[in-house]
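Asker: From the sequence below, what's the structure:
(4 chains)
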There are 2 protein chains.
Amino acid sequence: MGLAKTEIFTDLQNEIALFAKVFGHPARVAILQHLFKIDTCVCGDLVNEIGLAQPTISQHLKELKNLGLIKGNVEGTSVCYCINTENWTKMKAVMLQFLDQDLPQTTCC
Amino acid sequence: MGLAKTEIFTDLQNEIALFAKVFGHPARVAILQHLFKIDTCVCGDLVNEIGLAQPTISQHLKELKNLGLIKGNVEGTSVCYCINTENWTKMKAVMLQFLDQDLPQTTCC
DNA sequence: TTGTTATATTGCAATATTACGATTAATAAT
DNA sequence: ATTATTAATCGTAATATTGCAATATAACAA
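Answerer: Alright, predicted model coming up:
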């Protein structure tokens, strides 16, 4: 199929999966790390920094923007991107809750 | 293509993406949540619990096992699965480092 | 041995993802 | 106005993912 049966899972499970999915490509990880490092930068900088073609970077930026993790601001012919700190914090809370569960005491091996 | 250019990214970026990718499907999130909740369970229980076909669950379990996040133990005709707590802790450290970066002070909008 | 149960593997169809060339749109500079 | 610059969009090829039916495997039971 190639299509997840989202309807049989909880909203939280689907939300976690959606966030995780967007982090599931090293280019998007690299974009976010770069934005954290230098606060704001234009699309062209990311193209140079990362080394993928401009349409490819643009596509990755779009996915990050769709999930609300970054914001873009048009400045002349450039577009300046930055972390959406409010949404990042919300996302982090969701992911931490998942990652930070109490480890089981019993294991099977 | 459908194939990430992993060679242009750092080991850490690729590692983060690999972990995130495995969390990028709600079935695998659900499996892990269930294992955290009841410590250990056999494959068949997960099939009932989650509601996907047995081969599908088996495939998701394999991916979690390949990344080292769960362990499987053969018990007669059943296989008992549990969280690999040591590797989970290691994974968590990597992901937290990524998620918990200091928020930028400057934004572009 | 024969059958039963539980899980893994194989094969495949449907869909999604990744990457990029070509093009478009929008602003800026001359 | 014309041209350059920047980024988004479109179209498409290559590959990956998801889900399951069918089958294989492995352990136990009678």
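
Asker: show me what contacts the residue in chain A positioned nearest to DNA strand C?
Answerer: Going by Cβ to the nearest atom of the strand, DNA strand C is nearest to A:Gly2 of chain A, at 2.1 Å. Any C-beta I mention is one placed from the backbone N, CA and C, and that applies to glycine too. The contact partners of A:Gly2, taken as Cβ atoms under 8 Å, 6 or more residues apart in numbering or on different chains, number zero.

Asker: And A:Ala4, by the same measure?
Answerer: Per Cβ under 8 Å, 6+ apart, neighbours of A:Ala4: A:Ala17, B:His25, B:Pro26, B:Ala27.

Asker: does it count as helix, strand or coil?
Answerer: Of the three states, A:Ala4 takes coil under DSSP: H, G, I helix; E, B strand; the rest coil.

Asker: Quick check, pLDDT for it.
Answerer: Residue-level confidence at A:Ala4 comes out at 95, pLDDT.

Asker: repeat for A:Leu99
Answerer: At A:Leu99, pLDDT is 98.

Asker: That one contacts B:Met95, doesn't it?
Answerer: Yes - under the criterion of Cβ atoms under 8 Å, A:Leu99 makes contact with B:Met95 at 5.8 Å.

Asker: Same drill for these two, tell me which one is more crowded.
Answerer: B:Met95 (22 against 18; other Cβ atoms under 10 Å in any protein chain shown).

Asker: For A:Cys41, what are phi and psi?
Answerer: For A:Cys41, the backbone dihedrals (degrees, to the nearest 10) come out as phi -160, psi 160.

Asker: Can you report how many residues neighbour it?
Answerer: Neighbours around A:Cys41, by other Cβ under 10 Å: 19.

Asker: Compute the distance between it and A:Gln54, please.
Answerer: 14 Å (Cβ to Cβ, to the nearest Å).

Asker: got it, and A:Leu64?
Answerer: From A:Leu64 to A:Gln54 the distance is 16 Å (Cβ to Cβ).

Asker: So between those two, which is more surrounded?
Answerer: A:Leu64 (21 against 12).

Asker: doesn't A:Asn66 make contact with A:Gly72?
Answerer: No - the pair A:Gly72 and A:Asn66 does not pass the contact test of Cβ under 8 Å, sitting 11.3 Å apart.

Asker: If you count surrounding residues, which of the two has more?
Answerer: A:Gly72 (18 against 11).

Asker: Is there contact, residue-wise, from the longest helix along chain A to chain B?
Answerer: Counting by DSSP state H, the longest helix found in chain A is helix A:85-99. Yes - counting by Cβ under 8 Å from any Cβ of the partner chain, chain B is contacted by helix A:85-99 at A:Thr85, A:Trp88, A:Thr89, A:Met91, A:Lys92, A:Met95, A:Leu96, A:Phe98, A:Leu99.
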